[in-house]
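Peer 1: Okay, predicted coordinates and the sequence, questions at the end:
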Amino acid sequence: MARTALPRRLNWQFAKVVDVIEETPRCTSLLLEPPAWPGHRAGQHVDVRLTAEDGYQAQRSYSIASGPEDTDLLLTIERLDDGEVSPYLVDELRPGDELELRGPIGGYFVWERSSGGPLLLIAGGSGVVPFRAMLRHHVTSGSDSPVRLLYSARSLDQVLYRQELEALASDDRIAVRTALTRTWPEDWQGHRGRISPELLREVSWPPDEHPLIYICGPTGFVEAMAGQLVDAGHSPGRIRTERFGPS
Amino acid sequence: MSRVSRGFAGRRQPVADASRVPPGQYVTGDFPVLSAGPTPHTPLEEWSFAIGGAIEQPVSRQWQEFRALLSETITVDIHSVTKWSKLDTSWKDMSVDTLLEGVGGDPQYVTAWCDGGYTTNLALEDVTNGQAWVAYEFAGGPARLLIPHLYFWKSAKWVRGLRLTAGQPGFWETYGYHNHGDPWLEQRYQGD
């Protein structure tokens, strides 16, 4: 894997908040206009920095939800009730504000058209955010790799990008399967309960087709999914993971 | 020259801890993890720890032999590039100084390599003189590096050996992370 260009400093910049979009009761998207965005690849993230009146600062990382070809930068933030930064971003920030950030960061949990497939994306909760970027890039770049998204959410009202994912799934190359783990509507056609080894086997391509697999979600979820895939015979070298703790 | 974030008050660290927390970090009680792939599971009977590369006396120790080395228990603060810091973590470990004893040669750099293909690069001066350890007896072992004065990605999990080299970037270092990774200088990414 080649080194990407020469070291360049990732400068902090103030992005204009263009829109604040309530996605679900827990998650809000921020549409941002950074003044000097160098472009990003699907799966990368940004660092966000907040500054209080007395100069105190707090930083956190957030995955980029927009595709590389999208005009503005979209971040989707899950509000963690005991968090320091996410409640501010979700509750306080409004259009016209500025948000300090730098990026893009990360180069491993990245999918590009040239990465190929077949592509299996497995998301737990807000772990679906970088996959939105990958799916949008998949469509815009005209990739012919088949892609399947397996998405685990607590309940239907917690499903991020629901309409967009439904629309994406109308593409022959894209399939979306959603598992609701806690509650589901009576007429729910998707999976009920946690992702089981059986569901994983059903949704995945067999190991001898060497799917490229990305898993993103809470640590326990990622550990469980990656472990089951390795047990099922998938090569660890084809499985890329991104985990987030309660930060 | 940062501008104030309208309406942001923040949640400061207790004063007792503040001097122990590098810039841009926050203290957590949890132990979040960061790894790029599935957790490897190497059986102990197949496990060994190897010192190799540009040295005169390469050495490979089986698990029992490795464990028989002089070990100690230390308590250190650790700092992740993903912004969390954890204070007063205790580890059972052995010093890298002990592991490198008598290997000879004049190496300047070290690449730590791990089960799962992960690598990270270090200057020899960052892993000698009581600054670095190989820790064991923790969840997710058998062994990991422990280099608390650098960001925690340098404390490679599932470490299997040290290769003394002329210096080449490791895994995260090829993906834009800083070559050295000093949290007190906030060396998170290339160019920092």
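Peer 2: Here it is on my side, so go on. Nothing here was measured: the structure is a model prediction, and the numbers come from that model.
Peer 1: okay, residue 97: pLDDT?
Peer 2: Using chain A. Turning to residue A:97, the model gives it a pLDDT of 97.
Peer 1: Wait, chain B was what I had in mind.
Peer 2: Confidence score, pLDDT, at residue B:97: 95.
Peer 1: before we move on, which element is residue B:5 in?
Peer 2: Assigned by DSSP states H and E, residue B:5 belongs to no helix or strand.
Peer 1: which phi and psi does the nearest residue to it once chain neighbours are set aside have?
Peer 2: Excluding the flanking residues, the one nearest residue B:5 by C-beta to C-beta, 6 or more residues apart in numbering or on different chains is residue A:50, at 4.3 Å. (Glycine included, C-beta is placed from N, CA and C.) Residue A:50 adopts backbone torsions of phi -110, psi 140, taken as degrees, to the nearest 10.
Peer 1: right, and residue A:50 touches residue A:83 too?
Peer 2: No. Between residue A:50 and residue A:83 there is no contact under C-beta atoms under 8 Å: 11.6 Å.
Peer 1: Neighbour count: those two, which is higher?
Peer 2: Shown here are residue A:50 and residue A:83; by other C-beta atoms under 10 Å in any protein chain shown, residue A:50 has more neighbours (25 against 19).
Peer 1: wait, what's in contact with the residue nearest the centre of chain B?
Peer 2: Most central in chain B under C-alpha atoms, centre = their mean is residue B:155, positioned 1.3 Å from the mean C-alpha point. Taking C-beta atoms under 8 Å, 6 or more residues apart in numbering or on different chains, we find residue B:155 in contact with B:78, B:144-148.
Peer 1: Looking at the residues you listed, which one is closest to chain A?
Peer 2: residue B:78 (13.7 Å; C-beta to the nearest C-beta).
Peer 1: What is the neighbour count of the closest one?
Peer 2: Residues near residue B:78, counting by other C-beta under 10 Å: 21.
Peer 1: how close does it get to residue A:173?
Peer 2: Distance of residue B:78 to residue A:173, given as C-beta to C-beta, to the nearest Å: 43 Å.
Peer 1: buried set for the strand ranked longest in chain B?
Peer 2: Secondary structure of chain B per DSSP state E: the longest strand is strand B:84-95. By neighbour count on 16 or more other C-beta atoms under 10 Å in any protein chain shown, the buried set for strand B:84-95 is B:84-87, B:89, B:91, B:93-95.
Peer 1: for stretch A:57-74, same thing?
Peer 2: A:58-68, A:70, A:73-74.
Peer 1: List just the nearest of the residues you listed to chain B.
Peer 2: The shortest approach to chain B among the buried residues of stretch A:57-74 belongs to residue A:59, at 4.4 Å (C-beta to the nearest C-beta).
Peer 1: where does that closest one fall, phi/psi-wise?
Peer 2: phi -120, psi 150.
Peer 1: ok, it touching residue B:83?
Peer 2: Yes. Assessed by C-beta under 8 Å, residue A:59 is found in contact with residue B:83 at 5.4 Å.
Peer 1: Okay, strands next: where are they in chain B?
Peer 2: B:26-27, B:48-53, B:59-62, B:72-79, B:84-95, B:109-114, B:119-123, B:133-136, B:143-146, B:159-165.
Peer 1: before we move on, what about chain A?
Peer 2: Under DSSP E, chain A gives strands at A:13-22, A:27-33, A:45-51, A:57-63, A:73-78, A:98-105, A:119-124, A:147-153, A:174-180, A:191-192, A:212-218, A:239-244.
Peer 1: And the longest one, what does it pack against?
Peer 2: Pointing back at strand A:13-22 there. Helices and strands touching strand A:13-22, by 3 or more C-beta pairs under 8 Å, 6 or more residues apart in numbering or on different chains; DSSP states H and E, are strand A:27-33, strand A:98-105.
Peer 1: So what are the sheet partners of the helix or strand bottoming out on mean pLDDT in chain A and their directions?
Peer 2: Within chain A, no helix or strand scores below strand A:239-244, which has a mean of 89 by mean pLDDT, DSSP states H and E. The partner list of strand A:239-244 in its sheet, established with DSSP bridges, is strand A:212-218 (parallel).
Peer 1: So for stretch A:160-177, mean pLDDT?
Peer 2: 96.
Peer 1: whoops, I mixed them up, stretch A:103-111
Peer 2: Stretch A:103-111 comes out at a mean pLDDT of 94.
Peer 1: what about it and chain B, touching?
Peer 2: Yes. Applying C-beta under 8 Å from any C-beta of the partner chain, one finds that stretch A:103-111 is in contact with chain B at A:105-109.
Peer 1: how long is that stretch end to end?
Peer 2: End-to-end distance of stretch A:103-111 (C-alpha to C-alpha, to the nearest Å): 17 Å.
Peer 1: repeat for stretch A:200-217
Peer 2: Start-to-end, stretch A:200-217 (C-alpha to C-alpha) is 16 Å.
Peer 1: next one: stretch B:38-58
Peer 2: Between where stretch B:38-58 begins and where it ends, there is a gap of 29 Å, by C-alpha to C-alpha.
Peer 1: That one and chain A, any residue contact?
Peer 2: Yes. Using C-beta under 8 Å from any C-beta, stretch B:38-58 reaches chain A at B:38-40.
Peer 1: before we move on, the earlier item: what is the orientation angle of the longest strand of chain B with strand B:72-79?
Peer 2: 150 degrees (axes from the mean of the first three to the mean of the last three C-alpha atoms, to 10 degrees).
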